[in-house]
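Chemist: how would this look folded up:
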Amino acid sequence: MPAKAFKYLNGHAKIHLPPALAGVSDAAVEKVTEYQQLVKLGYDVAAKEEVREGLWNAVKSISPDNIKKAFENFYEEKKANYTSNKKHIVRHTAGKDAVTVTFAVWGAVAAITNAVKKPGR
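Modeler: Residues are numbered from 1 along each chain as shown. This next block holds a predicted model:
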């Protein structure tokens, strides 16, 4: 990577990437760490009563209004990102969403392929 791609802020190196590539890398890191986070959550639920209680209280508080509000917030955030006048925000969001869509399609294709290979299951 060219030396000018690195800048230093408070003594820490910062790597500057094109926004779309940064979005792709952010989403890839999230996808790779999802399973580890799920395992850690499982351990915490099994080992810590306060985590179990907190999780159960969160589940009990789910309502149609909460779900609707979550979808509305998600939509408004995406809308703001894609209509931003800052091109780097639009490109970062597009790169990140491209990885998410790719994984979703990949998973759907794998599920359909497995269902076709194993009829009757």
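Chemist: all contacts plus neighbour counts: C-alpha atoms, from now on.
Modeler: Fine.
Chemist: just checking, what packs against the helix or strand encompassing T113?
Modeler: Assigning secondary structure by DSSP states H and E places T113 in helix 87-117. Packing partners of helix 87-117 (3 or more Cα pairs under 8 Å, 6 or more residues apart in numbering; DSSP states H and E): helix 19-47, helix 64-82.
Chemist: in the shortest one, what counts as buried?
Modeler: Okay, so that is helix 64-82. Under the neighbour-count criterion of 16 or more other Cα atoms under 10 Å, helix 64-82 has 78, 81-82 buried.
Chemist: show the average pLDDT along it.
Modeler: For helix 64-82, the mean pLDDT works out to 96.
Chemist: picking up where we left off before, from the middle of its chain, how far away would the helix holding T113 be?
Modeler: Computed by Cα atoms, centre = their mean, to the nearest Å, the chain-centroid distance of helix 87-117 equals 11 Å.
Chemist: now swap in stretch 50-61 and tell me
Modeler: Centroid separation for stretch 50-61 versus its chain: 22 Å, with Cα atoms, centre = their mean.
Chemist: for stretch 33-48, same thing?
Modeler: With Cα atoms, centre = their mean, you get 17 Å for stretch 33-48.
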